[in-house]
Every structure is written in structure tokens, then in C-alpha cells.
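Asker: here is a sequence with its predicted model. Questions after.
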Amino acid sequence: EPDGAELLLTDDRVVVVAGGGDGPVDPWSDRPRQVTRVTTYDLSDPASPALVDDRSLEGALVRAVQHDDDTVRLVVTTGLPDLDFVEPRFWRTEDGARDRNADVVRRSSLDDWLPDVTTYDADGDEIGTQPLLDCSQVVVPSDDDAALGTMTVVGLDADTPDDLDTLGIATDTRLAYFSPDRMYLATSPWSTWWGCCWDGVSEPVADAGRSRLYSFALDDTRATYVASGAVDGRIEDRWSMDEHDGVLRVAVGPTVETGNFSSVVTLREDGDDLEEVGRVDQLGVDEEIKAVRWLDDLALVVTFRQVDPLYAVDLTDPDDPELLGELKIPGYSEYLHPISGDRLVGLGQDATPQGQLLGAQAALFDVRDLTDPRQSDVVRYPSGSVTGAATDPRQFTWLPDRQTALAVVWDGWQGRTGWVSVLEVDGDRLSQRMVEVEYGADVTDVRTVPLPDGRVALATSTGVSFLDL
């Protein structure tokens with residue numbers, strides 16, 4: 001079953017990218033290796049698509065993005081090789097296990113550590129396999145506590161998909177963010193949110209660690225390693241990172257390096273270092289970051305424990321960011337989308353003042369006065385429901401000409417029902433109606449696609465139709 005599939009359209013070609021576990025069998029573990037399949041088709045004759053190139057990259061897909069018209073960039077990770085390591089046991093001392101594992105590493109080869117690429121013909125038969133990287137193309141970070149593994153940045157032109165630009169970095173992460181001319185990889189500590197206090201309210205438990213950051217310059221299909229740095233705190237996902245005018249802005253959650261609060265941090269490249277230049281602390285004390293939205297010189301951050309604080313942070317001066325205002329209401333937003341008139345649509349969860357979740361909600365926020373943001377209206381969905389945009393923003397569509405948002409919502413139980421919530425914005429008011437569209441696990445694959453003629457295509461597991469608006 002494909003994992004993390006992406007379809008990227010470039011002029012009259014389409015590049016289909018999908019991950020999965022159908023690679024060659026690892027000789028040490030006897031298990032299939034993860035691969036990322038990259039298939040390019042020519043659509044110049046829509047009635048007869050033609051296969052142009054078919055290949056698989058060893059490694060799990062982290063990100064697939066399209067830049068400009070025809071440049072495709074992929075990030076894959078192969079982690080550490082699955083070598084035949086042993087652990088200390090009552091019959092094997094710690095020194096004995098270390099010596100045995102050192103011998104295993106010595107007996108390994110470059111084929112164990114560096115990924116391969118395999119090409120296929122039009123019938124899907126293997127043509128050949130060769131290394132995707134060689135040692136000269138791998139950057140080794142200088143930080144001693146970098147995560148161990150191998151990641152590969154792959155660039156290709158959809159017109160010449162067999163000509164790959166590759167760069168490796170000796171680390172391992174699933175956090176990759178792209179701006180138009182930069183890529184950032186980030187490693188981060190494990191989540192710190194677990195445990196329960198005496199009254200049953202979840203509390204953060206700090207986990208030691210700093211987030212490591214690696215900066216790459218992007219030029220055509222090439223990626224070049226530029227700088228690295230670190231920031232105190234945990235980076236939750238790629239939406240927590242943003243680059244603007246040469247400044248990297250990052251929202252970080254708590255670890256023992258920060259205290260029990262979240263922060264917005266700014267960093268700038270200085271030679272081969274990513275240097276921290278400014279920060280705003282004390283956001284959401286004892287709370288967890290739920291959503292971040294970056295708007296030019298503004299950061300909007302939502303945290304949650306019992307109420308939903310929405311913080312507006314001014315980033316006009318990256319060296320001296322400033323907290324402008326905050327709004328505290330029950331529940332929280334997991335996805336924020338800016339609309340006209342300095343307003344936001346927020347999708348997330350309704351909750352009691354004590355923090356008990358009630359079901360999904362859509363909220364309309366007025367941020368014309370950033371020192372005093374307010375919630376102007378809210379729509380609540382059935383108990384136990386969730387919004388798809390919380391985990392996949394492609395399940396949200398904004399139609400500016402109609403001042404209408406389309407949000408995929410489903411109930412939270414097995415055998416769940418999925419709807420498209422049609423949310424119409426009229427000034428400071430929200431109205432909505434529900435269109436039932438899908439059932440079961442397939443609700444996560446529902447998409448709404450606006451077309452040039454004003455219609456909206458609805459894609460589900462049963463096919464494509466037009467959404468009745």
C-alpha cells in the first residue's frame with residue numbers, strides 16, 4: 001500500500017511519488033527495505049498518457065514538493081542500516097556486545113549505508129540498480145549529538161527525470177520545510193506531553209533536548225549545504241518553520257532547556273552557522289502548540305491545555321520580535337487560514353472550560369486589531385467529530401469569490417462518516433451546511449478541487465463528481 005503519495009503536475013507532465021515497503025530484502029534483517037517510487041508520465045495527449053520514466057529510490061519519503069514550473073524535489077531517509085547488532089545479556093557483557101557490534105560495522109559495506117536507485121521499463125521489469133549517492137556527496141554535520149542516519153535530497157526536472165541531482169546528509173528526521181530558495185531539515189526531541197496530575201488534567205513533562213537545524217540553498221535542481229544551528233525546544237512539524245527575507249522563524253514547544261512554555265525564535269545564517277537572533281518566550285505556559293500560521297511579518301500561534309490562547313507575534317524586527325496580543329477561549333484551533341478583511345478561519349476542537357474535548361468546530365477570528373484579536377462566530381459539529389485539515393491541510397479549500405470555505409469533517413469512530421462542511425462567511429458571521437460524501441477510513445482521502453469555470457470537483461474513493469454548492 002503506497003505511503004505518502006503525491007501527484008505533481010508540471011505543464012504537460014505529471015510526476016507521481018509514492019512510498020512503500022516493497023524494496024529489496026535487507027540481507028541483515030530479511031525484511032523489505034522502504035522505497036520511494038517516482039513515475040513520470042507525458043500528458044500532452046490526455047487521451048493517451050505515456051510513461052516517460054519509472055524508478056524507485058531506496059528510503060522512506062519525507063517530502064515531495066514542486067518549485068517553479070517543472071522542478072521537483074524529494075527528501076527521503078534511509079535511517080541507519082539494519083545491521084546484525086546484539087545487546088548485553090547475562091551471558092554477554094557490555095564490553096563483549098560493544099566489540100561484537102564494532103566488528104559488525106567493520107564488516108558492513110557502503111551498500112549497507114548508502115541508498116540505491118532502481119530503474120524499470122514500460123512493463124515494470126527492472127532495468128538496473130546503481131548507487132543514488134557516493135561518499136563525496138554526503139555532508140557530515142559537526143555536532144556530536146546529531147541524529148544518526150542518512151537522508152537524501154533529490155532534485156529533478158520533469159522534462160529530464162532520469163537526470164538526478166542528489167545530496168546526502170548524515171542525520172535522520174521527518175521534519176523538512178521548503179521556502180522558494182531554501183530547504184531546512186530539523187531534528188527534534190520526542191514529544192514531552194504525557195502524564196496526569198492529581199485532578200486528571202494532562203501536564204507537560206519536559207524532555208531534555210535541543211532541536212537541530214540544517215539549512216540548504218536551492219538552485220535549479222541542486223541543493224547545497226549552507227549552515228547548521230540549534231534552538232532550545234521542540235519543533236512539532238514543518239508548519240512550525242517559516243523563512244522570510246533570509247530569516248528562519250521557528251515555533252518551539254517546551255523541553256527542559258526552555259521551561260514549561262512555548263516560544264517563537266528567529267535565526268539568521270552567519271557563515272556556516274544558523275545563529276539565533278531573537279525570541280518571544282512565555283507563550284502558553286503549561287500548554288501545547290496546536291497551530292501556527294506565518295503571515296509575512298506576523299506569527300499566529302495557538303496553544304491549548306484548558307483554553308485556546310491565540311497569540312499574535314510581530315516579527316517586523318527579527319532581532320526583537322514582540323507579542324502584540326492574545327485571545328483566550330475554550331477549545332483550540334489546529335488549522336488557521338487567512339481570508340479577506342484581516343480575518344481567519346480556524347478549524348479544531350470545541351472544549352469545556354476544564355479542557356474536556358466536545359467535538360470539532362470551525363471559528364471565525366477578527367485580527368484587524370492585533371493587540372485585541374477576537375472570535376466573531378463559531379460553528380460546532382457533532383460530538384466526537386474531527387476536522388481533516390488538522391492533519392492534512394489539503395482537506396480545506398477556500399473559495400475567495402464565494403467567500404466560502406470547504407472543510408472535510410468526520411466522526412471519530414470506526415466505520416466513520418465523512419462530510420464536506422460548506423462554510424459561508426458573511427461579515428462576522430459563519431453559516432454552514434453538511435454534505436455527506438464518504439465512509440470508513442477513506443474519509444482521509446477526500447479532496448475538494450476548485451476549477452477555472454467556478455465548479456468544485458469532489459474526489460472520493462468512489463470517483464470524481466461535482467460538489468453541489
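Answerer: In hand now; what should we look at?
Asker: show me the contacts for residue 269.
Answerer: Contacts of residue 269 were listed using Cβ atoms under 8 Å, 6 or more residues apart in numbering, and they are 215, 226, 227, 246, 275. (Glycine included, C-beta is placed from N, CA and C.)
Asker: so who does the second one touch?
Answerer: This points to residue 226. By Cβ under 8 Å, 6+ apart, the neighbours of residue 226 are 182, 215, 216, 217, 269, 272.
Asker: return the member of those nearest to residue 362.
Answerer: Nearest to residue 362 out of these is residue 182 (Cβ to Cβ; 33.1 Å).
Asker: any regions of this structure where pLDDT drops low?
Answerer: 1-4, 20-33, 143-146, 190-208, 306-308, 413-415 (pLDDT under 70).
Asker: what's next to the longest helix along it, contact-wise?
Answerer: Counting by DSSP state H, the longest helix found in the chain is helix 94-107. Contacts to helix 94-107, defined as Cβ under 8 Å, 6+ apart, come from residues 83, 84, 85, 86, 87, 88, 92.
Asker: from the contacts of residue 226, pick the one nearest residue 443.
Answerer: Proximity of the contacts of residue 226 to residue 443 (Cβ to Cβ) peaks at residue 182, which lies at 34.9 Å.
Asker: gap between the residue nearest to the closest one when sequence neighbours are not counted and residue 86?
Answerer: Nearest residue to residue 182, sequence neighbours excluded (Cβ to Cβ, 6 or more residues apart in numbering): residue 243, at 5.3 Å. Counting by Cβ to Cβ, to the nearest Å, the gap from residue 243 to residue 86 is 44 Å.
Asker: more neighbours, these two?
Answerer: Neighbour count, other Cβ atoms under 10 Å: between residue 243 and residue 86, residue 243 has more, with 20 against 12.
Asker: contacting residues around the closest residue to residue 439 other than its chain neighbours?
Answerer: Closest residue in space to residue 439, ignoring its immediate chain neighbours: residue 417 at 5.7 Å, by Cβ to Cβ, 6+ apart. Residues in contact with residue 417 (Cβ under 8 Å, 6+ apart) are 410, 411, 436, 438, 439, 443.
Asker: kindly recompute the last result at 7 Å.
Answerer: 410, 411, 436, 439 (Cβ atoms under 7 Å, 6 or more residues apart in numbering).
Asker: for these, which one is nearest residue 34?
Answerer: Of all these, residue 410 has the smallest distance to residue 34: 28.6 Å, by Cβ to Cβ.
Asker: what residues are up against that closest one?
Answerer: Per Cβ under 7 Å, 6+ apart, neighbours of residue 410: 385, 386, 388, 416, 417, 418, 443.
Asker: report the buried members of these.
Answerer: Buried subset of those (neighbour count, 16 or more other Cβ atoms under 10 Å): 385, 386, 388, 416, 417, 418, 443.
Asker: can you redo the residues you listed as CSV with distance to residue 279 and secondary structure?
Answerer: Converted to CSV, the buried ones among the contacts of residue 410 look like this (distance: Cβ to Cβ, whole Å; DSSP: H, G, I helix; E, B strand; the rest coil):
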residue, distance to residue 279, secondary structure
385, 36, strand
386, 32, strand
388, 33, helix
416, 41, coil
417, 44, strand
418, 40, strand
443, 39, helix
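Asker: determine which two of these are furthest apart.
Answerer: Greatest spatial distance among the buried ones among the contacts of residue 410 (Cβ to Cβ): 388 and 417, at 12.9 Å.
Asker: in PyMOL, how would I select just the buried ones from the contacts of residue 226?
Answerer: Written as a PyMOL command, the selection of buried residues from the contacts of residue 226, which uses 16+ other Cβ under 10 Å, is:
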select buried, resi 182+215+216+269
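Asker: list just the nearest of the contacts of residue 226 to residue 262.
Answerer: Out of those, the member with the shortest distance to residue 262 (by Cβ to Cβ) is residue 215, at 22.6 Å.
Asker: was I right about the closest one contacting residue 182?
Answerer: Yes: the pair residue 215 / residue 182 is scored as a contact, 6.2 Å apart, by Cβ atoms under 7 Å.
Asker: so which residue is dead centre in this structure?
Answerer: residue 238 (4.4 Å; Cα atoms, centre = their mean).
Asker: tell me which stretches of the stretch 201-350 of the chain form strands.
Answerer: 202-204, 210-219, 222-232, 241-244, 247-252, 262-270, 273-283, 288-295, 298-304, 307-314, 322-330, 332-339, 343-351 (DSSP state E, counting those that start in this stretch).
Asker: how far does stretch 377-397 stretch from start to finish?
Answerer: 19 Å (Cα to Cα, to the nearest Å).
Asker: buried set for that stretch?
Answerer: Residues 377-379, 381, 385-390, 395-397 are the ones in stretch 377-397 that count as buried (16+ other Cβ under 10 Å).
Asker: again, but for stretch 98-106
Answerer: Neighbour-count burial for stretch 98-106 [16+ other Cβ under 10 Å]: residue 104.
Asker: and it, how far out from the chain middle?
Answerer: Stretch 98-106 has its C-alpha centroid displaced from the chain centroid by 36 Å (Cα atoms, centre = their mean, to the nearest Å).
Asker: what is the neighbour count of the residue lying closest to residue 219 once chain neighbours are set aside?
Answerer: Spatial nearest neighbour of residue 219, excluding adjacent residues (Cβ to Cβ, 6+ apart): residue 181 at 7.7 Å. Residue 181 has 12 neighbours, counted by other Cβ under 10 Å.
Asker: try residue 122
Answerer: Using other Cβ under 10 Å, residue 122 has 9 neighbouring residues.
Asker: picking up where we left off before, switch the strands of the stretch 201-350 of the chain over to a markdown table; also include distance to residue 167.
Answerer: Listed next are those as a markdown table, based on distance: least, Cβ to Cβ, whole Å:
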| stretch | distance to residue 167 |
| --- | --- |
| strand 202-204 | 36 |
| strand 210-219 | 7 |
| strand 222-232 | 5 |
| strand 241-244 | 19 |
| strand 247-252 | 19 |
| strand 262-270 | 17 |
| strand 273-283 | 18 |
| strand 288-295 | 26 |
| strand 298-304 | 30 |
| strand 307-314 | 33 |
| strand 322-330 | 37 |
| strand 332-339 | 32 |
| strand 343-351 | 36 |
